[in-house]
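*Asks:* I need the structure of the sequence given here:
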Amino acid sequence: MELTLDKARVESIKNYIDSQEYAIGTKRLYKLHLQKFSDKYVVLNKSTLKASLRKFTKSYHRALFKIINEYCFWEDIDFKTTIPRIKQKPRKIPETLSLNEIKIMIDSVPDEYKLFIRSIFNFGAGLRISEAIRIAWHRFDWDDWLYYPPANETLKEYGVMGKFKTEEEREMGTYLILETKRDKTFPVIVPKKVMQEYYNLAMKLNILDEFRKPNYRGAIFDFGAETYLQDLFQINPKMWRWKYTKHAYDWVIYNLIKKYCEPALNKKIHPHMLRHSKATYLLKEGVPLEEISKQLGHADLRTSMIYAKVSMKKVKESMKNIKTI
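*Replies:* Numbering: from 1, shown residues only. Presented below is the predicted three-dimensional model:
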């Protein structure tokens, strides 16, 4: 059984990939490998599949052929290939950082990026770098944090004309993570102190409107967005966003982490360790795993269990009052 990969068929499979709920970068990898495969092999069969998997060994290479099987099923094409199984290596869990190490990281970077590093750790159960890069003023719920609604009204119905809260009356705020992995959108909690620091920064930048809330739709942290591939931004904003995120990600790794944080801690680190650490600390403090999973933006609780390592100390504490049979 074989499937002919002519130009029309390849384009049709690419369209199918675009229709699925994959991250932008994942779609790009699948389509890139599909093109490489079809350039070398005219047909997909048992022989060409094995030849390809000997050369391309990444998990997404194998996943592509599963997608092709799905495509054929939905298009009612009489083709299905059996993908050889491989023994999966156990997923390596990155180490967590102590609170003291996180403080050293924050202290080591230039002042204008201290709040950026703190936000990765403090927002929700920890942010992905791609989410932190796009932190923007308009995604904070300033109305709820700044105002009391009038009697028998809600801020949503009344606008922002309620009583202004004092700094002491303000509690934790919320921030909306928009179009993250798999295009998910969900709110996360922002600690009171961090929320106040963002508000103080907005006052310093003089971007408060007549209702005393930040009224600016741009990103807060600048990694050269205004000058990066502006021609591409005009032609294909979605592709520009993917490329800019990769550019900003690399900038953070080389200009903050490797330049300042690693020398300060004298060890190799990755900013995603901040996210792992926050999830683990929340679990140790007794926050239910289901709530941690929601703040991490995970669809599957099993993924959160990888992020939040359960210590034996917590297990012992949990089992103290269980009766022995």
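
*Asks:* tell me the pLDDT at the closest residue to residue 260 other than its chain neighbours?
*Replies:* Using Cβ to Cβ, 6 or more residues apart in numbering and skipping the chain neighbours, the partner closest in space to residue 260 is residue 108 (4.4 Å). In this view, the C-beta of every residue, glycine as well, is placed from N, C-alpha and C. Confidence at residue 108, expressed as pLDDT, is 92.

*Asks:* now residue 108: how far from residue 98?
*Replies:* Note on residue 108: its distance to residue 98, by Cβ to Cβ, to the nearest Å, is 15 Å.

*Asks:* Also residue 270?
*Replies:* 16 Å.

*Asks:* ok, now residue 146?
*Replies:* 35 Å.

*Asks:* With neighbour numbers in mind, choose between these two.
*Replies:* residue 146 (23 against 10; other Cβ atoms under 10 Å).

*Asks:* In contact with the more buried one, which residues are there?
*Replies:* 160, 164-165, 170, 212-213 (Cβ atoms under 8 Å, 6 or more residues apart in numbering).

*Asks:* run the last query once more with 7 Å
*Replies:* When contacts are counted by Cβ atoms under 7 Å, 6 or more residues apart in numbering, residue 146 touches 164-165, 212-213.

*Asks:* Which of these sits closest to residue 114?
*Replies:* Nearest to residue 114 among the contacts of residue 146 is residue 213, at 23.4 Å by Cβ to Cβ.

*Asks:* now the closest residue to the closest one other than its chain neighbours: how far from residue 68?
*Replies:* Take residue 213 and drop its neighbours on the chain: the residue closest to it by Cβ to Cβ, 6+ apart is residue 142, 4.0 Å away. When distance is defined by Cβ to Cβ, residue 142 is 47 Å away from residue 68.

*Asks:* what does residue 56 give?
*Replies:* From residue 56 to residue 68 the distance is 14 Å (Cβ to Cβ).

*Asks:* ok, those two, which is more surrounded?
*Replies:* residue 68 (26 against 14).

*Asks:* so how far is residue 238 from the closest residue to that one other than its chain neighbours?
*Replies:* Excluding the flanking residues, the one nearest residue 68 by Cβ to Cβ, 6+ apart is residue 13, at 6.3 Å. Residue 13 sits 20 Å away from residue 238, going by Cβ to Cβ.

*Asks:* which one of these two has more residues nearby?
*Replies:* Neighbour comparison, residue 13 and residue 238: the larger count goes to residue 13, with 23 against 8 (by other Cβ under 10 Å).

*Asks:* which residues does residue 125 contact?
*Replies:* Counting by Cβ under 7 Å, 6+ apart, residue 125 makes contact with 278-279, 282, 292, 295-296.

*Asks:* any chance of the residues you listed in JSON lines, plus secondary structure and distance to residue 116?
*Replies:* JSON lines is the format used below for the contacts of residue 125 (DSSP: H, G, I helix; E, B strand; the rest coil; distance: Cβ to Cβ, whole Å):
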{"residue": "278", "secondary structure": "helix", "distance to residue 116": "15"}
{"residue": "279", "secondary structure": "helix", "distance to residue 116": "19"}
{"residue": "282", "secondary structure": "helix", "distance to residue 116": "21"}
{"residue": "292", "secondary structure": "helix", "distance to residue 116": "23"}
{"residue": "295", "secondary structure": "helix", "distance to residue 116": "19"}
{"residue": "296", "secondary structure": "helix", "distance to residue 116": "19"}
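
*Asks:* Tabulate those (a markdown table), appending pLDDT.
*Replies:* Shown next, in a markdown table, are the contacts of residue 125 (pLDDT from 0 to 100):
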| residue | pLDDT |
| --- | --- |
| 278 | 85 |
| 279 | 83 |
| 282 | 82 |
| 292 | 76 |
| 295 | 74 |
| 296 | 74 |
